[in-house]
Each structure stands twice: as structure tokens, then as C-alpha cells.
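1. sequence and computational prediction follow.
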Amino acid sequence: MQHVLADFSVSISELKKNPSSLLSEASGSPIAILNHNKPTAYLIPAATYEAIMEVVEDYELGKLVEERRAELSDAVTVSLDDL
């Protein structure tokens, strides 16, 4: 059985009827969209999606930094005057 990771859930047919009222009712919380009582999608506010994407980008950037720090022994020392 799949877990529903939202406080609000609606069927696809309910979503089609009046999406604006569902968004208002959820007050910015995620809405699980169910198909045959199984979550098929999550509807989240744009601001929440943007915040999630920032966290993902920060995480990926952190991984890149750690990878490059591990390769520090391969780095070539250059003085600013040589540039």
C-alpha cells in the first residue's frame, strides 16, 4: 500500500470539477491526486516547488564541492602574477 504524503487528497474527477476551490481549501498545503485510491501526483504551490528546487540545487552544488575537494591533491598551484 502506498502512503499519501499530504494532508489533503482528491480524486482526479474532483480536481477537474473545481480546482480553484481545492487550492483555496488546502491553504498552500500539498494536495495528493488519487487515481483508484492511489496517489498518482501531488499538487503543490509554486512557492513550495521553487523552494524545493533551491534545496535540490544547493545539495547538488554541495556534492560537487565535496568531489572537487577530494581532488585537491591533483590541483596545480599557480600564482596570480602568472595569470
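-> Done, it's in.

2. in this protein, where's the longest helix?
-> With secondary structure taken from DSSP state H, the chain has its longest helix at helix 46-70.

3. ok, residues contacting that one?
-> Where contact means Cβ atoms under 8 Å, 6 or more residues apart in numbering, the residues beyond helix 46-70 that reach it are 28, 30, 44. Backbone N, C-alpha and C define where each C-beta goes, glycine included.

4. the first one against Leu43, yeah?
-> No. Taking contact to mean Cβ atoms under 8 Å, the distance of 11.1 Å between Gly28 and Leu43 leaves them out of contact.

5. higher neighbour count, these two?
-> Higher neighbour count among Gly28 and Leu43: Leu43, with 18 against 10, using other Cβ atoms under 10 Å.

6. so in terms of bridging, what pairs with that one?
-> Beta bridges link Leu43 to Ile31, judged by DSSP bridges.

7. in the helix or strand bottoming out on mean pLDDT in the chain, what's buried?
-> Scoring the helices and strands of the chain by mean pLDDT, DSSP states H and E places helix 19-26 at the bottom, with a mean of 89. In terms of neighbour count (16 or more other Cβ atoms under 10 Å), helix 19-26 has its buried residues at 22-23, 26.

8. redo those as JSON lines? Include distance to Asp58.
-> Listed next are the buried residues of helix 19-26 as JSON lines, based on distance: Cβ to Cβ, whole Å:
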{"residue": "Leu22", "distance to Asp58": "31"}
{"residue": "Leu23", "distance to Asp58": "28"}
{"residue": "Ala26", "distance to Asp58": "27"}
